[in-house]
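A.B. asks: Whatever this is, show me its structure:
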Amino acid sequence: MRFTRRRGGVVTAVLMALLTLMLTAPAASAAVRSWSPDPFPFPTNWHCADQSRRVYSCLINSNDGIEQVYKAVLVVDNYTAVGYQMTAPVANIWSTPSPAQQIQGDSCYASALSAGYSAACYGTAVKRSTVCATRPNAATITANVAVSFGGTRTTVVSPALAVNC
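C.D. replies: Coordinates of the predicted model:
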């Protein structure tokens, strides 16, 4: 098969399309998560903190039968009479001691939230072994969440849970 100018143009077009997809795709380490209904009241294995009872940062502590499993959750309540737009929402897990190190990072889709509704965005589950492999001296972990409303950024950190790697 001879390489012709026409085939060369097709190959170039395909390579440019793949390059464009690679450059515009989110980072492989950060998943983009969907929104779900708010699970209020929070289960007992959820460790939550709130910002003016509007944005909650929760760290779920569960067990898969072998080891502890953790998940960050961003919960947003809209008890107003109007809807609002949520932009750049994230649900991350960080470890201490200082300097803090990010263990898992997830973003949630930018979305509108209607008046009188609540929504939750669940991060990716992380096992204790992964926390300890990423940060061998991790003492505690927290869920750190953030979301913007009309240009104002709200951040909330959950209570710390001991992991003692």
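A.B. asks: low-scoring pLDDT stretches of this protein, where are they?
C.D. replies: By pLDDT under 70, the weakly predicted segments of the chain are 1-31.
A.B. asks: What segments of it are strands?
C.D. replies: With DSSP state E as the criterion, the chain has strands at 30-33, 35-37, 46-51, 55-63, 68-77, 84-96, 101-108, 111-113, 118-122, 126-127, 140-149, 152-157, 161-162.
A.B. asks: if we look at stretch 56-68, which residues are touching it?
C.D. replies: 42-43, 45-50, 69-77, 91, 93, 127-129, 141-145, 156-159, 161, 163 (CB atoms under 8 Å, 6 or more residues apart in numbering). C-beta coordinates here come from the backbone N, C-alpha and C atoms, glycine included.
A.B. asks: Which members of the residues you listed are classed as buried?
C.D. replies: Among the contacts of stretch 56-68, those classed as buried by 16 or more other CB atoms under 10 Å are 42, 46-49, 69-77, 91, 93, 128, 141-145, 156-158, 161, 163.
A.B. asks: hang on, the earlier thing: present the strands of the chain as CSV; the columns should include distance to Ala133.
C.D. replies: Output for the strands of the chain, formatted as CSV (distance: least, CB to CB, whole Å):
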stretch, distance to Ala133
strand 30-33, 19
strand 35-37, 29
strand 46-51, 23
strand 55-63, 18
strand 68-77, 14
strand 84-96, 11
strand 101-108, 10
strand 111-113, 33
strand 118-122, 22
strand 126-127, 9
strand 140-149, 13
strand 152-157, 23
strand 161-162, 17
